[in-house]
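*Asks:* Could you work out the structure for the sequence below:
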Amino acid sequence: MAKKKEAVEETIEKTLWKAADKLRKNINAAEYKDVVLGLIFLKYISIAFEKMHADLTAQIDEGADPEDREEYTAENVFFVPPSARWTFLQSSAKQPNIGKIVDDGMDAIESENAQLKGILPKVYAKQNLDPTSLGELIDLIGNINFGETKERSADVLGHVFEYFLGQFALAEGQKGGQFYTPRSVVELLVEMLEPYQGRVFDPCCGSGGMFVQSEKFVEDHQGKISDISVYGQESNQTTWRLAKMNLAIRGIDSTQVKWNAEGSFLNDAHKDLKADYIIANPPFNVSDWGGELLRTDARWQFGAPPVGNANFGWLQHFIHHLAPTGQAGVVLAKGALTSKTSGEGEIRKRMIEEGLIDCIVNLPAKLFLNTQIPAALWFLRRKKVANAKYRDTANEILFIDARNLGHLINRRNRELSNGTVDPNDNDIAQIASTYHNWRNVDSTYQDVAGFCASVPVSKVAELDYVLTPGRYVGLPDEEDDFNFVERFTELKATLEAQLAKEAELNAVIAENLSKINIHG
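*Replies:* Just a heads-up that it's a prediction; the model follows:
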């Protein structure tokens, strides 16, 4: 039954996207993103507000006040003033000044809800946004049948918000990748790390996908959402606003998701944080990260990163913020696995010798929207000694080569399967279970030629501390029933048939040419 439900939700998401995208006209995806996501957010908080408003109205005789903001704050529900309620906006959708009405509504919501101050988009009165199209968009979002109950509608709207983030990222291409990490990559990171409980940190959090997926993971495993708390930082203010809305729509406390223009290196918003889980996709190979101002920074425990590349700055920033038993899963350009430029090889060597590298996953090409640079996942762990859950892997590193996994979703982009379409096709589970089987106490792990290998650190040292999985996993085993003579005979027969066909076609062409009278 669950599979059918998911299919229905996806149809709603796709249908709504196609309809909304048709209304875009002369607005580019980057601008239209704020328009649509702002309205979905507004519809979402209106549903929660209307439900509680109805409950309080029914309790007026008992002293309840449906217009008292404190009543809603106490239940973690946003108070929506009359001028911003969806019913009012939808009734005004045909007005020529609907853009100003929506902008004023957004201002009114922010003035009533301190945690939304400066978050909501006020872009609806812009000249390039046709009032008729805006009214149609409001009607579209307002009228679509999300479900029979308000709770169901809110749940679907959360999925729609997430789906639209991905679709806008695809539409924006390279720029979209700056705010959105593809869902399958986020799912893989979260499934491998298993953040059941503790502090989850992403110092380059984009639109907040790592936090949302962590919450889903806890929910899917019957845990309590209150058992995790999220900490984040983002340097792009527009993207930070998206993250705040994305988390609010999920009921996730985003108080500790901070913005400043300087970024995590120059202005660390969580200097004293020691996180249980770090999940991040920092920008690859950044050269203008302020490295020249930070040559003696305390975070560079294993050596100062080169001024021209932030990769090993990010790795050491993550390690600096890990709790004593903390774990991290991060995406980095594949070049960081082998680079020796400006001391990077020495930093990598010291991290390996310190026993911090747990697992390296080589990813397929075309997973990311903003770059064609090959990427890999790094999993870091502070204490790799035996405990109740994990075996002692202090002197081992797991290498997984997943380059051949995934499937194309269009000509430019690939994604990893998660078993939703076909339970027997689950790239994420294949990679994650390999990691879990390797590190967990009840280990059933075995090397698989061409895919995974558990390698002693001493062997990594022999190969000059290079971390490319292909160096260690070897080639897949050939099929035992391969018969060279049989295959050669088959290919020879095919070639002879093709040559015969070529001769036949050449004869026909020559005959037709001889019939042409070039002298008229």
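
*Asks:* mind showing which ranges of the protein have poor pLDDT?
*Replies:* Within the chain, the segments meeting pLDDT under 70 span 1-11, 145-154, 477-487, 517-520.

*Asks:* quick check: longest helix of it.
*Replies:* helix 484-514 (DSSP state H).

*Asks:* Please name every helix or strand in contact with that one.
*Replies:* With contacts defined as 3 or more CB pairs under 8 Å, 6 or more residues apart in numbering; DSSP states H and E, there are no secondary structure elements packing on helix 484-514. Just so you know, the C-beta spots here come from the backbone N, C-alpha and C atoms, and that holds for glycine as well.

*Asks:* Can you mark which positions in it are buried?
*Replies:* Buried residues in helix 484-514, counting neighbours by 16 or more other CB atoms under 10 Å, are absent.

*Asks:* Can you give the distance of it from its chain's centre?
*Replies:* 51 Å (CA atoms, centre = their mean, to the nearest Å).

*Asks:* Same check on stretch 463-480?
*Replies:* That offset, for stretch 463-480, works out to 28 Å (CA atoms, centre = their mean).

*Asks:* can you check stretch 253-267 too?
*Replies:* 19 Å.

*Asks:* just stretch 453-462 next, same as before
*Replies:* For stretch 453-462 - counting by CA atoms, centre = their mean - the centre lies 31 Å from the chain centre.

*Asks:* Over to stretch 301-315?
*Replies:* Using CA atoms, centre = their mean, the offset of stretch 301-315 from its chain centre is 24 Å.

*Asks:* before we move on, what about stretch 200-219?
*Replies:* That offset, for stretch 200-219, works out to 9 Å (CA atoms, centre = their mean).

*Asks:* Tell me the buried residues in that stretch?
*Replies:* 200-218.

*Asks:* Same check on stretch 159-168?
*Replies:* 159, 160, 161, 162, 163, 164, 165, 166, 167, 168.

*Asks:* What of stretch 346-353?
*Replies:* Neighbour-count burial for stretch 346-353 [16+ other CB under 10 Å]: 347, 348, 349, 351, 352.

*Asks:* who touches the residue lying closest to the second one once chain neighbours are set aside in this structure?
*Replies:* The reference is to residue 348. Closest residue in space to residue 348, ignoring its immediate chain neighbours: residue 465 at 5.7 Å, by CB to CB, 6 or more residues apart in numbering. For residue 465, the contact set (CB atoms under 8 Å, 6 or more residues apart in numbering) comprises 345, 348, 349, 352.

*Asks:* that older thread, how about a markdown table for the buried residues of stretch 346-353, with distance to residue 281 and secondary structure added?
*Replies:* A markdown table is the format used below for these (distance: CB to CB, whole Å; DSSP: H, G, I helix; E, B strand; the rest coil):
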| residue | distance to residue 281 | secondary structure |
| --- | --- | --- |
| 347 | 20 | helix |
| 348 | 19 | helix |
| 349 | 25 | helix |
| 351 | 19 | helix |
| 352 | 22 | helix |
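
*Asks:* Kindly indicate whether residue 271 is helix, strand or coil.
*Replies:* coil (DSSP: H, G, I helix; E, B strand; the rest coil).

*Asks:* For it, give its distance to residue 208.
*Replies:* Going from residue 271 to residue 208 by CB to CB, to the nearest Å gives 21 Å.

*Asks:* Pick the one among the buried residues of stretch 159-168 closest to residue 128.
*Replies:* The closest of the buried residues of stretch 159-168 to residue 128 turns out to be residue 168 (CB to CB; 17.1 Å).

*Asks:* Strands of this protein, residue ranges please.
*Replies:* Under the criterion DSSP state E, strands of the chain are mapped to 198-202, 228-234, 257-259, 275-280, 322-333, 357-362, 375-381, 396-401, 407-408, 414-415, 452-456.

*Asks:* Make JSON lines out of these and add distance to residue 441.
*Replies:* Shown next, in JSON lines, are those (distance: least, CB to CB, whole Å):
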{"stretch": "strand 198-202", "distance to residue 441": "20"}
{"stretch": "strand 228-234", "distance to residue 441": "23"}
{"stretch": "strand 257-259", "distance to residue 441": "35"}
{"stretch": "strand 275-280", "distance to residue 441": "19"}
{"stretch": "strand 322-333", "distance to residue 441": "15"}
{"stretch": "strand 357-362", "distance to residue 441": "15"}
{"stretch": "strand 375-381", "distance to residue 441": "15"}
{"stretch": "strand 396-401", "distance to residue 441": "15"}
{"stretch": "strand 407-408", "distance to residue 441": "34"}
{"stretch": "strand 414-415", "distance to residue 441": "32"}
{"stretch": "strand 452-456", "distance to residue 441": "15"}
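
*Asks:* Tell me the buried residues in stretch 390-403?
*Replies:* 390, 391, 393, 396, 397, 398, 399, 400, 401, 402, 403.

*Asks:* Check stretch 82-90 too.
*Replies:* 84, 85, 86, 89, 90.

*Asks:* ok, the spatially closest residue to the last one that is not a sequence neighbour - contacts?
*Replies:* When you say that, I think you mean residue 90. For residue 90, ignoring the flanking residues on the chain, the nearest one in space by CB to CB, 6+ apart is residue 142 at 4.5 Å. Applying CB under 8 Å, 6+ apart to residue 142 gives the contacts 43, 86, 90, 93.

*Asks:* likewise residue 354?
*Replies:* residue 302.

*Asks:* Any figure for the gap between it and residue 395?
*Replies:* Relative to residue 395, and taking CB to CB, residue 354 is found at 12 Å.

*Asks:* Check residue 208 too.
*Replies:* 37 Å.

*Asks:* now swap in residue 156 and tell me
*Replies:* Look at residue 156 and residue 395: by CB to CB, they are 49 Å apart.

*Asks:* picking that back up, so which of the contacts of residue 465 would you say is closest to residue 381?
*Replies:* Among the contacts of residue 465, and counting by CB to CB, the member closest to residue 381 is residue 352, at 12.7 Å.

*Asks:* excluding its backbone neighbours, what's nearest the closest one?
*Replies:* Residue 352 sits nearest to residue 465 (CB to CB, 6+ apart), 5.5 Å away.

*Asks:* again, but for residue 269
*Replies:* residue 258 (3.8 Å).

*Asks:* Also residue 190?
*Replies:* Using CB to CB, 6+ apart, the nearest residue to residue 190 is residue 213, at 4.5 Å.

*Asks:* Equivalent analysis for residue 237, please.
*Replies:* Per CB to CB, 6+ apart, closest to residue 237 is residue 259, 5.7 Å.

*Asks:* Same check on residue 254?
*Replies:* Nearest to residue 254 is residue 247, by CB to CB, 6+ apart, at 4.1 Å.

*Asks:* Check the gap between the most centrally placed residue in the chain and residue 239 for me.
*Replies:* Central residue of the chain (CA atoms, centre = their mean): residue 181, 3.2 Å from the mean position. For residue 181, the distance to residue 239 equals 12 Å [CB to CB].

*Asks:* who touches both of the two?
*Replies:* Joint contacts of residue 181 and residue 239 (CB under 8 Å, 6+ apart) are residue 206.

*Asks:* hmm, back to that, would you agree the residue nearest to the centre of the chain is in contact with residue 204?
*Replies:* No. Between residue 181 and residue 204 there is no contact under CB atoms under 8 Å: 9.8 Å.

*Asks:* what touches both of these two?
*Replies:* residue 281.

*Asks:* Pull out the buried residues from stretch 449-456.
*Replies:* 451, 452, 453, 454, 455.

*Asks:* neighbouring contacts of stretch 294-304?
*Replies:* 265-266, 291, 312-313, 316-317, 319-320, 343, 346-347, 350-351, 354.

*Asks:* now do the same end-to-end measure for that stretch.
*Replies:* End-to-end distance for stretch 294-304, by CA to CA, to the nearest Å: 8 Å.
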